[in-house]
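Enquirer: Here you go, sequence then predicted model.
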Amino acid sequence: MTSPLVVAIDGPSGSGKSSTSRGVADRLKLAYLDTGAMYRAMTWALLRAGVDLSDPAAVAAAAERVTLSSGTDPLAPTIHVDGTDVAAPIRSDEVTGSVSLVAAVPHVRELLVDLQRAAIADSDGIVVEGRDIGSVVAPDAQVKIYLVADPAARAARRAAENGSTDAAATEAALAARDQIDSTRTASPLKKADGAIVVDGTHLTLDEVIETIVGLVGERS
Ligand SMILES: Nc1ncnc2c1ncn2[C@@H]1O[C@H](COP(=O)(O)OP(=O)(O)OP(=O)(O)O)[C@@H](O)[C@H]1O
Ligand SMILES: Nc1ccn([C@H]2C[C@H](O)[C@@H](COP(=O)(O)O)O2)c(=O)n1
């Protein structure tokens, strides 16, 4: 019996992972898991509980008490904390500015990697996006993609999405998050062994989706 298809899509902040992964999952009729949303939801829960995020032991202990659930329909993904829909608040500046601290705590990663592997095991095929999917969460994924785009393109797209006129500030914020995510000790952002680099700088979203759907067709 062949195992269900797993497509791992990693890359730096704002490179297009979520939009691309949802598009690929929709095209191939697969489930979709946004692991960044899980780290954001954990951060939201810890902020709400008043946990000192600069204290890794306090973060690790409090994380044990948080119940997360992710809905994996690529057309309507969901994320809940203890039954509360947190899809909107996890995108706040406060969460975005704190999430890298929480994601650097090894026990938080253990808890969330367990949930991610359970979602993969429950699926009949899935696209999973994040920073460590091809390297840690699903190293045996049949297709691994490392999606990149130039910092200026990423910042311009993110600024347009947020209605910001300050692309320079957006670029600095993306660079700061990438620096923390790629230099932390626990599961840093990196290209996984065997991952194919896709550079979306000069491609439309549809072209990136088409490229990855083609790679999946070749390799699965
Ligand atoms: N190839 C593309 N061409 C134009 N715009 C794109 C392309 N890919 C993604 N975008 C846009 O760039 C923005 C960032 O994309 P997206 O949220 O998918 O990135 P991400 O890598 O998931 O970000 P994050 O790491 O912060 O979660 C969105 O507004 C999205 O619509
Ligand atoms: N597998 C993952 C996914 C995400 N993170 C961290 C790093 C990001 O700064 C943060 C939010 O992710 P985003 O919503 O921007 O994709 O979560 C991680 O460490 N590992």
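Expert: Alright, I've got the coordinates. Ligands and ions are numbered 1, 2, ... in the order given.
Enquirer: List the contacts of residue 194.
Expert: The neighbourhood of residue 194, defined by Cβ atoms under 8 Å, 6 or more residues apart in numbering, consists of 134, 144. Quick note: C-beta positions are derived from backbone N, CA and C, even for glycine.
Enquirer: That one in helix, strand or coil?
Expert: With DSSP: H, G, I helix; E, B strand; the rest coil as the basis, residue 194 sits in coil.
Enquirer: Same check on residue 52?
Expert: coil.
Enquirer: Give me the neighbour count for it.
Expert: 11 (other Cβ atoms under 10 Å).
Enquirer: correct me, but it touches residue 61?
Expert: No: the pair residue 52 and residue 61 does not pass the contact test of Cβ atoms under 8 Å, sitting 11.1 Å apart.
Enquirer: So what's the residue count around residue 164?
Expert: 13.
Enquirer: Give me the neighbour count for residue 107.
Expert: 15.
Enquirer: For it, which non-adjacent residue is closest in space?
Expert: residue 60 (3.8 Å; Cβ to Cβ, 6 or more residues apart in numbering).
Enquirer: The strand or helix carrying the one you found packs against which elements?
Expert: Residue 60 is located in helix 56-63, with elements delineated by DSSP states H and E. The contact analysis (3 or more Cβ pairs under 8 Å, 6 or more residues apart in numbering; DSSP states H and E) places helix 56-63 against helix 35-48, helix 93-103, helix 106-122.
Enquirer: The second one vs helix 106-122, what angle?
Expert: Spelled out, that is helix 93-103. 90 degrees (axes from the mean of the first three to the mean of the last three Cα atoms, to 10 degrees).
Enquirer: Is any residue of helix 93-103 near ligand 1?
Expert: No: Helix 93-103 does not reach ligand 1 (Cβ under 6 Å from any ligand atom); its nearest approach is 8.0 Å.
Enquirer: quick one: buried residues of that helix?
Expert: Across helix 93-103, burial judged by 16 or more other Cβ atoms under 10 Å covers 95, 98-103.
Enquirer: Now do the same contact list for the nearest residue to residue 184 once chain neighbours are set aside.
Expert: In space, and not counting its chain neighbours, residue 184 is closest to residue 104: 4.3 Å by Cβ to Cβ, 6+ apart. Residue 104 is in contact with 56, 180, 184-186, counting by Cβ under 8 Å, 6+ apart.
Enquirer: which two from those end up farthest apart in space?
Expert: 56 and 180 (13.8 Å; Cβ to Cβ).
Enquirer: residues near residue 64, how many?
Expert: Residue 64 has 9 nearby residues by other Cβ under 10 Å.
Enquirer: So residue 123 is in contact with residue 31, correct?
Expert: Yes: using Cβ under 8 Å, residue 123 is in contact with residue 31, at 4.4 Å.
Enquirer: Give me the more crowded residue out of the two.
Expert: Each of residue 123 and residue 31 has its neighbours counted (other Cβ under 10 Å); residue 31 has more, 21 against 18.
Enquirer: Many thanks, I have nothing further to ask.
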